[in-house]
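attaching a predicted model along with its sequence, questions to come.
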Amino acid sequence: MSVYAFFTYLCPMKKLNVKDRIIEAASNLFYFNGYNQTGINQIIAEASVAKASMYQHFRSKEDIAVAYLVGRHTMWMGKLNEFVANQDTSKAKVISCFDYLVEWLCDVEFRGCGWQNIITDLPQDHTKIKDQAILHKNEVRTWLQDLLKKESQYSIEQAEELGDEVMILIEGAIILSQIQKNEWPINSAKRACLKLLA
């Protein structure tokens, strides 16, 4: 789901303003084509805005990418929480996140993780983008740890260690599913998670 699709999911009757059209166009281009492969003129054309209008909202392509990642984080975490909400236990929510990965990655034809993709495609001096990638991954890590801390069978230290191990399973499954263009790495990671949390 694109950032725009998430906006319209929240507010179906709301028309996007210039800034949101730029973010929407850039989101699709950055995610499906790559950050380095996307130029400012391409974003302007896709968003159907004037160059002057774009520069009223964003000083650089990096600033657009930060807005894209902020929106993507909100969308991704929102969809994840919505997906696992019907699970009865915190442990079940953690395990269910692998089913979320299957649904999401199949939907985007195994294009992979927007943060993994952009960080490997990034000039070294783009620290604002790197900071957003680190923020997202740290929030997912904390989300996992906090869920496992609610399980009485684990101490706080065990919950944090298990959360980190599940995080590694998730990240590895995402990248391998992108390489393989198949969901089997995610299904294998889920089985490993079930053993880990048994």
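Now that the structure is in, tell me what you want to look at.

in this protein, which spans are helices?
Here the chain has its helices, by DSSP state H, at 3-10, 18-33, 40-47, 51-57, 61-84, 90-107, 114-120, 127-149, 156-180, 184-196.

point out the most buried one among the ones you listed.
helix 18-33 (a mean of 21; mean count of other C-beta atoms under 10 Å). Where you see a C-beta, it was placed from the backbone N, CA and C, and this is true even at glycine.

elements contacting that helix?
helix 3-10, helix 40-47, helix 51-57, helix 61-84, helix 114-120 (3 or more C-beta pairs under 8 Å, 6 or more residues apart in numbering; DSSP states H and E).

7 Å - rerun?
Helix 18-33 sits against helix 3-10, helix 40-47, helix 51-57, helix 61-84, with contacts defined as 3 or more C-beta pairs under 7 Å, 6 or more residues apart in numbering; DSSP states H and E.

just the CA trace of it, in PDB.
Taking C-alpha atoms only, helix 18-33 is exported to PDB below (Å, rounded to 0.1, in the frame of the first residue of the first chain):
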ATOM      1  CA  VAL A  18       0.400  19.800  -3.500                       C
ATOM      2  CA  LYS A  19       2.800  18.600  -0.700                       C
ATOM      3  CA  ASP A  20       1.000  15.300  -0.400                       C
ATOM      4  CA  ARG A  21       0.900  14.800  -4.200                       C
ATOM      5  CA  ILE A  22       4.700  15.200  -4.200                       C
ATOM      6  CA  ILE A  23       5.100  12.700  -1.300                       C
ATOM      7  CA  GLU A  24       2.800  10.200  -3.000                       C
ATOM      8  CA  ALA A  25       4.600  10.500  -6.400                       C
ATOM      9  CA  ALA A  26       8.000  10.200  -4.700                       C
ATOM     10  CA  SER A  27       6.900   7.300  -2.500                       C
ATOM     11  CA  ASN A  28       6.000   5.200  -5.500                       C
ATOM     12  CA  LEU A  29       9.100   6.200  -7.500                       C
ATOM     13  CA  PHE A  30      11.500   5.700  -4.600                       C
ATOM     14  CA  TYR A  31      10.000   2.400  -3.600                       C
ATOM     15  CA  PHE A  32       9.600   0.800  -7.000                       C
ATOM     16  CA  ASN A  33      12.400   2.400  -9.000                       C
END
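
Ile40: what's it in contact with?
Ile40 makes contacts with Lys61, as judged by C-beta atoms under 7 Å, 6 or more residues apart in numbering.

Glu62 versus that one, what's the distance?
11 Å (C-beta to C-beta, to the nearest Å).

just to revisit the earlier point, worst average pLDDT in the helices and strands packed on helix 18-33?
Note on the helices and strands packed on helix 18-33: lowest mean pLDDT is at helix 3-10, with a mean of 45.
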